[in-house]
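*Asks:* fold the following and give me the result.
(one chain, ligands or ions: 1)
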Amino acid sequence: MNGRRRKHWGWGWADEQPSPDEVRAAAAGLREHLGFGSVEVEAPAPVGTLRAPRLEVPGTLAAICSVDAHTRATHSYGASYRDVVRGFRGAFDAPTDVVARPGNEEELEAVLEWAVAEGAAVIPFGGGTSVVGGVEPSVPDSYPGVLTVDVSALDRVLEVDSVSLAARIQAGATLPAIEEQLRPHGLTLRFYPQSFEFVTLGGAIATRGGGHFATGPTHIDDFVESVRALTPAGWWESLRLPSSGAGPSPDRLMLGSEGALGVITEAWVRVLHRPAFRAAAAVHFPTFWEGAAAARAVVQSGLRPANCRLIDPDEARLTFAGDGSVAILLLAFESGVDVAGTLMGHAVKLCREGGGTPVEPRGEGGGASEVWRESFFRAPYLRDTFVAMGVMSETFETAITWERFETFVSSVLGATREAVGHPGHVSCRLTHVYADGCAPYFTVVAPVARGFELERWSEVKRVASEAILAGGGTITHHHAVGRDHLPWYRSQRPQAFNRAMTEAKRAVDPGSAMNPGVLFD
Ligand SMILES: Cc1cc2nc3c(=O)[nH]c(=O)nc-3n(C[C@H](O)[C@H](O)[C@H](O)COP(=O)(O)OP(=O)(O)OC[C@H]3O[C@@H](n4cnc5c(N)ncnc54)[C@H](O)[C@@H]3O)c2cc1C
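*Replies:* Numbers count the residues shown, from 1 in each chain. Next comes the predicted model:
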């Protein structure tokens, strides 16, 4: 981590935190744009004194274990709105007890062996960007303590296979570090979640993360050739293959395992040559529904745009990508040979037939696409200012097949808007489009009384989640289950599948050490 410290709350590095004057100035601008929020910004509370660690680290592991307050605090929450608020207020009531940072697999084995022998809960920790309580040490009192295993020292690209176009990468490597190490080979992983800056490969695999490309390889599932992980019962390593029909896939069990089966240490993943050609365009539609129909027509025609992101009028206005009168479809094509422009021509034609008006010359990017992209990556920083100015901001996401899409989105928006109330905003965009459906993503921005943020958010989250389930959508398309989504995940999974998964967990984690409280009851 180059000796830099992450903030103990919110997004980014401690040395990047804007000054109080800068936060005040940003709050004034945001208040003008939103029409709510206070310019009297609140300052973050320090970490303070934490509860004494309940585990005693043996001398042999002391060099790789930390019990200092900052390290424990920065490993006790993820990065959801709830987490940011609690960190901001210095509320670390049930922190993790010890943070281990093994430098190699032998050290990981030693630390896991110790924790399991102690009966402690073990929480794997990648970049800590979970938005579903995945890294929170909230475990039953029957555990004598919690050990967080931070894999960030396992941060290297170990091998590049430029014949098969794949790389063996350690689980703690962040996505920017992976790109940096692949660049000299002319290769890219091309996996860009919004939280790109801090996400690790292991975290992405454990949560079945989704990148921001709308189609094509964009889910981490699409990239994984094989996974290596340490479970309390021993090593789990799958065969490296381009594909296999040999029974249920061992990779599949680790994909989305959320730290509940073991610690992923490395994976072989597919990589790509950097695309040489790119074409981008923005198309305006009178309504979100017409834009969605056009996006569907594009993917159902067999075109696979890299970007096919539909933003509703409200979100376009909030992100400065538009004036709020139209929905905007952002389209992009990438290719290794010079066909991106031709593919864009076909897509734009379909959009025109669906009532759309292209507003940016093909191939130029710029305009709405760039404004929106900028706001997309700035969003996690912006959220910290929102917390300081008494504004609730959070997102939730799902997926649904096209034939239910319009009714579904209308009912989720309606229920959530009612729960949020005036003058809050609930907007929607499509993050991923498939031939048979799409992933609607909702953003909530609303004023909230200081001190009532957690209650307010829990209520909105409950209403939104119930509306999603009532409409037949998944409780999560790419944010994972964690602790926060467990009640709704529980009601969606088949009972026989749950029994099978529970037995699988028992086989690799007989003492239930691994991340108790996520995925499993
Ligand atoms: C602003 C913001 C934007 C986001 N945008 C996206 C997005 O576009 N797409 C998306 O998919 N997600 C997104 N997320 C959610 C989050 O970034 C992802 O879930 C991400 O994949 C988590 O990776 P991480 O390395 O931070 O893992 P962590 O947060 O550290 O951990 C997440 C879960 O994985 C487990 N885990 C971590 N590392 C390992 C390992 N090596 N072995 C076993 N288990 C492990 C943890 O125990 C935990 O359950 C966003 C989050 C934020 C805050």
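*Asks:* which stretches of the protein have low pLDDT?
*Replies:* The model of the chain has pLDDT under 70 over residues 1-2, 360-366.
*Asks:* and the residue of it found nearest the ligand, helix, strand or coil?
*Replies:* Of the residues in the chain, the one nearest the ligand is Gly203, at a distance of 2.0 Å by C-beta to the nearest ligand atom. Backbone N, C-alpha and C define where each C-beta goes, glycine included. Using DSSP: H, G, I helix; E, B strand; the rest coil, the secondary structure recorded for Gly203 is helix.
*Asks:* quick one: neighbours of it, just the number.
*Replies:* Around Gly203 there are 32 other residues, counting by other C-beta atoms under 10 Å.
*Asks:* tell me the spacing between it and Pro176.
*Replies:* Counting by C-beta to C-beta, to the nearest Å, the gap from Gly203 to Pro176 is 14 Å.
*Asks:* what sits closest to the residue of the chain closest to the ligand if chain neighbours are left out?
*Replies:* Leaving aside its chain neighbours, Gly203 sits nearest to Gly126 (2.9 Å; criterion: C-beta to C-beta, 6 or more residues apart in numbering).
*Asks:* pretty sure the one you found contacts Ala153?
*Replies:* No: contact criterion C-beta atoms under 8 Å: Gly126 and Ala153 do not qualify, at 11.8 Å.
*Asks:* need the overlap of contacts for the two.
*Replies:* Gly172 (C-beta atoms under 8 Å, 6 or more residues apart in numbering).
*Asks:* which of those two has more neighbours?
*Replies:* More crowded of Gly126 and Ala153, by other C-beta under 10 Å: Gly126, with 30 against 17.
*Asks:* residues contacting that one?
*Replies:* Going by C-beta under 8 Å, 6+ apart, Gly126 touches 151-152, 171-172, 199-204, 206.
*Asks:* what's the local residue count around the residue nearest to Val57 when sequence neighbours are not counted?
*Replies:* Excluding the flanking residues, the one nearest Val57 by C-beta to C-beta, 6+ apart is Cys65, at 4.5 Å. Cys65 has 21 neighbours, counted by other C-beta under 10 Å.
*Asks:* quick check, Cys65 in contact with Pro102.
*Replies:* No: at 9.5 Å, Cys65 and Pro102 do not qualify as touching, with contact defined as C-beta under 8 Å.
*Asks:* can you pull the residues that touch both of those two?
*Replies:* In contact with both Cys65 and Pro102: Val111, using C-beta under 8 Å, 6+ apart.
*Asks:* and the stretch 51-200 of the chain, which of its residues are near the ligand?
*Replies:* Within the stretch 51-200 of the chain, the positions near the ligand by C-beta under 6 Å from any ligand atom are 78-79, 123-131, 134-135, 151, 171, 193-195, 198-200.
*Asks:* about what we covered before: closest one to Thr395 out of the contacts of Gly126, please.
*Replies:* The closest of the contacts of Gly126 to Thr395 turns out to be Val199 (C-beta to C-beta; 15.6 Å).
*Asks:* which residue packs closest to the closest one, ignoring adjacent ones?
*Replies:* Per C-beta to C-beta, 6+ apart, closest to Val199 is Gly127, 4.8 Å.
*Asks:* just the helices in the stretch 1-150 of the chain please.
*Replies:* 20-34, 69-74, 81-88, 105-118 (DSSP state H, counting those that start in this stretch).
*Asks:* which other helices and strands does the second one contact?
*Replies:* Translated: helix 69-74. Packing contacts for helix 69-74, counted by 3 or more C-beta pairs under 8 Å, 6 or more residues apart in numbering; DSSP states H and E, involve strand 98-100.
*Asks:* contacts for the strand it packs on next, please.
*Replies:* 53, 55, 57, 61, 64-67, 71-72, 75, 111, 125, 145-150.
*Asks:* helix or strand right after the helix or strand hosting Phe396?
*Replies:* Taking DSSP states H and E as the criterion, Phe396 maps to strand 391-397. Once strand 391-397 ends, the next helix or strand along the chain (criterion: DSSP H and E) is strand 400-401.
*Asks:* please state the offset of that following strand from the chain centre?
*Replies:* Relative to its chain's centre, strand 400-401 lies at 20 Å (C-alpha atoms, centre = their mean, to the nearest Å).
*Asks:* mind giving me the packing neighbours of it?
*Replies:* For strand 400-401, the contact count by 3+ C-beta pairs under 8 Å, 6+ apart identifies strand 437-447 as packing neighbours.
*Asks:* mind checking if the strand it packs on is in reach of the ligand?
*Replies:* No: Strand 437-447 does not reach the ligand (C-beta under 6 Å from any ligand atom); its nearest approach is 8.8 Å.
*Asks:* which strands or helices does the helix or strand that that strand is followed by pack on?
*Replies:* As assigned by DSSP H and E, the chain's next helix or strand after strand 437-447 is helix 453-470. Under the contact definition 3+ C-beta pairs under 8 Å, 6+ apart, helix 453-470 sits against helix 81-88, strand 391-397, helix 402-420, strand 437-447, helix 486-492.
*Asks:* would you turn these into CSV with mean neighbour count?
*Replies:* Shown next, in CSV, are these (neighbours: other C-beta atoms under 10 Å):
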stretch, mean neighbour count
helix 81-88, 22
strand 391-397, 22
helix 402-420, 18
strand 437-447, 23
helix 486-492, 16
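*Asks:* save these as JSON lines, and put in distance to Ser427 too.
*Replies:* As requested, the helices and strands packed on helix 453-470 are arranged in JSON lines below (distance: least, C-beta to C-beta, whole Å):
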{"stretch": "helix 81-88", "distance to Ser427": "16"}
{"stretch": "strand 391-397", "distance to Ser427": "10"}
{"stretch": "helix 402-420", "distance to Ser427": "8"}
{"stretch": "strand 437-447", "distance to Ser427": "5"}
{"stretch": "helix 486-492", "distance to Ser427": "22"}
